[in-house]
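Participant: My questions are about this predicted structure, shown below with the sequence.
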Amino acid sequence: MDILSKRPFIEPGTPPKKLAYMIGCTIGTLIATTAISYGYIYKFFETVELLKLVDKGEIFFFEEAGYTLGLILCITPMISFAIMILPTFINRRFNSSISLGVLLIGLLVFPIGLILAPISNFIVESYIESQGYEECYYYSTRRGGRGLPPDYYVFDSKYCVSAVSKLRNKAFPWFEEANKKGEVDYDEFLLKVEQWKAESRRLNK
C-alpha cells in the first residue's frame, strides 16, 4: 500500500490567489504547531530539571507547573497535524487511511493528557512538599486557592510575606539571585522588603 495518495495537494490549474492562500495556510499552520509544541516540551523538561534541584535541596524559591508532565500529551494532535502537512511540500498528501489513523491517534491521546495534567500536578506538588518546601499563595500567579498553577514555593515559610504579593517584580529577581548564589539571609530579606515597600510608595505618589 502506498503511503502517499496519487492525488496532488495542489491541482494543476489552481488560481494563483488560491495557490498563495493554500501555501500560506500550510506554512503558517506548521509554524504555529511547531511553536506551541516547543513551548509544551520546554516546560516539560524545565519541570523535570526543577524536580532534580528539589531532590538535591539546591533551590530556595521557585515557580512550579507540575501539570506540564501530563499536559505534554496534548501536543499529540499538533504533532499529528504537522506530520500530515509534510507531504504537501512535495505537492502530495497521505492516503486517506494513513491520514485517518494519524488523526485518530492525536484525538485519542489528547483527552488522556487533559486527565493526566491535574494528576501529575498533584503528584509533583506532593513530592515538593514532602521535601520540606511550602507553597506561598501570596507569590503564586494564580492566588486564592489551588488549581492548575503556576504555584510558588519557598523553602521556609518565613519568606512567605503578604506584603511582597504586590512587590513580586522586585522580589522575584532577588529570589533568583539567591538561588544562583546558593545562599540566602533572612535579615537581608527583611531589609529588602522594607526597601521595596519604600520604593513602591515613592512610585505611587
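Facilitator: Yes, it's here.
Participant: got the buried residues for the strand or helix carrying residue 125?
Facilitator: Using DSSP states H and E, residue 125 maps to helix 96-130. In terms of neighbour count (16 or more other C-beta atoms under 10 Å), helix 96-130 has its buried residues at 98-99, 102-103, 106, 109-110, 113, 116-117, 120-121, 124-125, 128. C-beta here means a position set from N, CA and C on the backbone, and glycine is covered the same way.
Participant: What of stretch 153-161?
Facilitator: For stretch 153-161, the neighbour count (16+ other C-beta under 10 Å) marks 153, 154, 155, 159, 160, 161 as buried.
Participant: Looking at those residues, which is nearest residue 14?
Facilitator: Using C-beta to C-beta, residue 153 comes nearest to residue 14 of those, at 55.7 Å.
Participant: tell me what the longest helix along the chain is packed against?
Facilitator: Using DSSP state H, we find that the single longest helix of the chain is helix 16-56. Judged by 3 or more C-beta pairs under 8 Å, 6 or more residues apart in numbering; DSSP states H and E, helix 16-56 is in contact with strand 61-64, helix 68-71, helix 76-85, helix 96-130.
Participant: ok, the first one: who's next to it in the sheet?
Facilitator: It refers to strand 61-64. strand 151-154 (antiparallel) (DSSP bridges).
Participant: domains of the chain?
Facilitator: Using automatic domain parsing, the domain ranges for the chain come out as 16-155, 161-205.
Participant: Make sure residue 140 is actually in contact with residue 152.
Facilitator: Yes - proximity of residue 140 to residue 152 meets the contact threshold set by C-beta atoms under 8 Å, at 4.7 Å.
Participant: shared neighbours, those two?
Facilitator: Shared contacts of residue 140 and residue 152, defined by C-beta atoms under 8 Å, 6 or more residues apart in numbering, are found at residue 63.
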